[in-house]
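Novice: take a look and give me a structure for this.
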Amino acid sequence: QVQLLESGGGLVQAGGSLRLSCAASGRTFSSYAMGWFRQAPGKEREFLAACEMSKGNTLYADSVKGRFTISRDNAKNTVYLQMNSLKTEDTAVYYCAAGLLWGVSEKSYRYWGQGTQVTVSS
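Specialist: Numbering: from 1, shown residues only. Here you go, the predicted structure:
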C-alpha cells in the first residue's frame, strides 16, 4: 500500500513557475514508477509526465515537453514536477500516481493522490 500526498499548488501568473511535490509513504518507493496527471474542469484526466523507478527514464506529454520536468528523490520518497512558463490552459487539479508499470496510461498506476489545484491567471 502506498499513500501519496501532493503539495505546492496555488495561484500563479502566466509565465510563472511552480514546483509540485508528491510525498509517498512506504519503504518501497523506489520500486514504483511515478507519474503526474492533471484534470481541468469538464475535461478528462490527462497524462503529463512519468519517471521510471530505477533508471530514471522519463516520459512527457507533448503539451508540457520543454516546460515541465519530473524528478524523484528516492531517499526522500518524493517526486517533483517543476513547471515553468505556465499558461492559463495549465489550470487544473494535478495528481501524482504510483505504479509497478510506467507509461502514459492511467491504467499503469495503482495508487493516486488527492490532487492539488493549480490556477494560472492571465
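
Novice: where does this structure have low pLDDT?
Specialist: By pLDDT under 70, the low-scoring segments of the chain are 27, 55.

Novice: the same query, at a cut-off of 80, please.
Specialist: 26-27, 53-56 (pLDDT under 80).

Novice: which residues does the closest residue in space to Gln39 that isn't next to it in sequence contact?
Specialist: Nearest residue to Gln39 in three dimensions, chain neighbours excluded: Arg45, at 4.3 Å (C-beta to C-beta, 6 or more residues apart in numbering). Just so you know, the C-beta spots here come from the backbone N, C-alpha and C atoms, and that holds for glycine as well. Each residue near Arg45 by C-beta atoms under 8 Å, 6 or more residues apart in numbering is listed here: 37-39, 95, 106.

Novice: please pick the buried ones from these.
Specialist: For these, a neighbour count by 16 or more other C-beta atoms under 10 Å gives the buried set as 37-38, 95, 106.
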